[in-house]
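Visitor: Predicted structure and sequence below. I'll ask about it afterward.
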Amino acid sequence: MESYFATQRENIFRNVEVLIYVFDVESQDSKKDMAYYRSCLEAINEHSPGAKIFCLVHKMDLVSEPKRSAVLTERERQLIAATRPDQCVCFGTSIWDETLYKAWSRIVYQMVPNVQALEKNLIQLCDVLEADEIILFERSTFLEIACHTTKEHPDPHRFDKISTIIKQFKLSCSKAGANFTAIELQTPNFSAFIDVFTPNTYVMVIMSDPTIEYLLGFSLLCYPSQHPKRQEVLRETGKGGDTSLGYQRKYTGTLSLAMSFNDDDMFIDDVELSVAYSSDDNSEPDVDLENQYYNAKSRKDDNPDAAIEEFKKVLAIEAEGGAKGDWGFRALKQMIKLKFRLGRLDDMMEDYRTLLTYIKTAVTRNNSEKSINSILDYVSTSKQMDLLQTFYNTTLNALKDAKNERLWFKTNTKLGKLFLEQGDYVQLQRIIRELRESCQTDEGEDDLKKGTQLLEIYALEIQMYTAQKNNKKLKALYEQSLQIKSAIPHPMIMGIIRECGGKMHLRVGEYQRAHTDFFEAFKNYDESGSPRRTQCLKYLVLASMLSKSGINPFDSPETKPYKMDPQIVAVTSLVTAYQNNDVKGFERILREQRESIMSDDFIREHIEDLLHNIRTQVLVKLLRPYTRIRLPFISRQLDLEPREVEALLVACILDGTIAGRIDQAAEVLILSPPNPSSVEARYEAINRLASSLSALMNVIVMQAGITTS
């Protein structure tokens, strides 16, 4: 679990609306529990400031009843103190009573926006339907969201009981291959109805009068005039046409809970609650905006130019209403993407500047952040560096007033990466300096509480020093980055840091450390799904061969799945030839797969070292039976020019791989005989070993009582 949180911190805690932390009341390690809790709070404050925090003190049934209240009060005091300056809400829970259900219901209740307006309109709806009770449930969990009761009921736990019954019934339906849709229950004393109210809610209505025609009246209330469900109900009940019922005259508000998983609308949370109530006159513009938006969106694939014109109408309708809102924001986002696709870049920039005016008040902080990140990622595929720089600078200028530090940091990081690609290190250093200042304490030191952001800055700076081949600064920063333990960075960030560390170690001949770094980088890239993992795997193979390791790098379970990858096959063949000391095969693969292997500057930088290694290994094997050998013979065996053979021999003699001297006039290598003293020492060691074995045998024989002749 700790490893998972360490590698997925940003993914887990980014754009979180609520943190629910469960404590075991009987935990034996409360200090560790609180440390984990504080770590989560730090991550929430870094990635999702403003998220609501709830704590469940669970298994309260294990505490004796007289002590429960005191234990819960003490735990609540500790948690509130640990959470400051943020606020948390605590619940004592158990699976054996209604406390867990109530806790979840209260959490859902507090997450519903405009809940007071929701309750007010439930009262109106209850009045319209002349119901005794009306309850709104969340669709998946069937937790109570809100309710209104006109008559007292003797059972205070009835909603949890109903929730449990319905969940069991839904489970039975799914096992039988059926779908739960609605329930109607009629008795001589009352009628009860449970039906879909919105895409994410169910409503339950209890009425004392069992004769009320629920299906028609309630359905007409819930669905707008052109909704397919409304028309279906009218057809089924034989009341087609423009039916005007008393229900409609008394109440025309609508409850809308919107849910979107569309990539183009990713600024909407996976499940976003959006509650709106209004009269007929005021609700019409919202309906028009929504209809116009989806009408435009339906045309964007087939006719993007026409779709753009339709999206402009959304902005026109919004302007008539006098207030900027979600639909205009969505329309602008779609127009920006369409114009980018069509190459209408000047118009696109104008629309983007207009969209940035919405982020102050028209849309939520999370929505604006997701949208802008989405747009920046979308346009980052462009090869026009000037366009990207304009995009980033325009965004940063708009964020000065918005005071969105997280988005400012991410945008500056993207701009820094752009300068890195351009090789503009002066501008990159300016960006790094600004980013560092945002992560420093008042004393001017790095704020370790912002460990994740610091690692992102280090990764950017490390890449710059790697490109500049400034090993001195690179080494200091690399070691510093590995000392940050409080951060839970994205695997991509650690992949970058480890890859640059591997390059640094390889350049100074520390092949084993380079191998370790490249392996860690590969695992991080693989975890993040980055295509960079393929190139890093090539570096891993390079480090393995340079370290003269006899272990095949593809024997590891992490790398084995990539052994037959088309981009890796050439490197796999290279490893096989290298381990078999097949110098001719090695050179042939380099020639035939030149584009695949030599296209990378870093690999090309070290190919000569690889060739030297394999030629040395073949040379040592070739010289083993000789005391004198002619250089032309070596040249033919290694398929090298005479000058290359001589250079290789000189290098081997100097580093002690070969003991001998070269007679240049006779073109002969004269190998020195082994040192006599070393030979005598070897024989003496063998003699001692033989004596020890003989003594051991005598002891065994004596203990076994065996007589030898």
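Guide: Perfect, thanks for sending it. Numbers count the residues shown, from 1 in each chain.

Visitor: only C-alpha atoms for contact and neighbour calcs from this point on.
Guide: Fine.

Visitor: where does this protein have low pLDDT?
Guide: 1-8, 113-115, 175, 199, 209-287, 401-404, 486-487, 674-680, 705-709 (pLDDT under 70).

Visitor: care to break it down by domain?
Guide: Split into domains by automatic domain parsing, the chain comes to 2-108, 112-250, 625-671, 675-709.

Visitor: Next, format the ones you listed as CSV and append mean neighbour count and distance to L590.
Guide: Formatted as CSV, the domains of the chain follow (neighbours: other Cα atoms under 10 Å; distance: least, Cα to Cα, whole Å):
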stretch, mean neighbour count, distance to L590
domain 2-108, 16, 37
domain 112-250, 16, 59
domain 625-671, 15, 15
domain 675-709, 10, 40
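
Visitor: Can you say which of the ones you listed is nearest to G416?
Guide: domain 2-108 (19.7 Å; Cα to Cα).

Visitor: can you give me the offset of that closest one from its chain's centre?
Guide: Once both centres are worked out by Cα atoms, centre = their mean, to the nearest Å, domain 2-108 turns out to sit 24 Å from its chain's centre.

Visitor: Kindly report the same for stretch 552-569.
Guide: With Cα atoms, centre = their mean, you get 25 Å for stretch 552-569.

Visitor: and the end-to-end length of that stretch?
Guide: 14 Å (Cα to Cα, to the nearest Å).

Visitor: For that stretch, which residues meet the burial criterion?
Guide: 553-554, 559, 562-563, 568 (16 or more other Cα atoms under 10 Å).

Visitor: which residues touch it?
Guide: 523, 534, 537-538, 540-541, 544, 572, 575, 596 (Cα atoms under 8 Å, 6 or more residues apart in numbering).

Visitor: Now which of the residues you listed would you call buried?
Guide: 523, 534, 537-538, 540-541, 544, 572, 575.

Visitor: Determine which two of these are furthest apart.
Guide: For these, the maximum inter-member distance is 20.2 Å, found between K523 and V575 (Cα to Cα).

Visitor: so R68 touches M60, yeah?
Guide: Yes - using Cα atoms under 8 Å, R68 makes contact with M60 at a distance of 6.9 Å.

Visitor: how about C88, what does it touch?
Guide: 52-55, 79-80.

Visitor: W104 too?
Guide: W104 neighbours (Cα under 8 Å, 6+ apart): L143.

Visitor: next structured bit after the strand or helix carrying it?
Guide: Per DSSP states H and E, W104 falls inside helix 99-111. Helices and strands here follow DSSP H and E; after helix 99-111, the next one along the chain is helix 115-129.

Visitor: Let me have the contacts of stretch 552-569 in CSV, adding distance to E443 and secondary structure as columns.
Guide: Listed next are these as CSV, based on distance: Cα to Cα, whole Å; DSSP: H, G, I helix; E, B strand; the rest coil:
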residue, distance to E443, secondary structure
K523, 37, helix
T534, 42, helix
L537, 42, helix
K538, 43, helix
L540, 41, helix
V541, 45, helix
S544, 44, helix
T572, 52, helix
V575, 52, helix
S596, 50, helix
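
Visitor: report the angle between the axes of the helix holding W104 and helix 115-129?
Guide: Put simply, helix 99-111 runs at 100 degrees to helix 115-129, going by axes from the mean of the first three to the mean of the last three Cα atoms, to 10 degrees.

Visitor: Please save the CA atoms from helix 99-111 in CSV.
Guide: The C-alpha coordinates for helix 99-111 follow below in CSV (Å, rounded to 0.1, in the frame of the first residue of the first chain):
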residue,chain,number,x,y,z
THR,A,99,-24.4,4.2,12.2
LEU,A,100,-22.5,3.4,9.0
TYR,A,101,-25.5,4.0,6.8
LYS,A,102,-26.2,7.3,8.6
ALA,A,103,-22.5,8.4,8.2
TRP,A,104,-22.6,7.7,4.4
SER,A,105,-25.9,9.5,4.1
ARG,A,106,-24.6,12.5,5.9
ILE,A,107,-21.5,12.6,3.7
VAL,A,108,-23.7,12.4,0.5
TYR,A,109,-25.9,15.1,2.0
GLN,A,110,-23.0,17.4,2.5
MET,A,111,-21.7,16.8,-0.9
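
Visitor: Alright, calling it a day.
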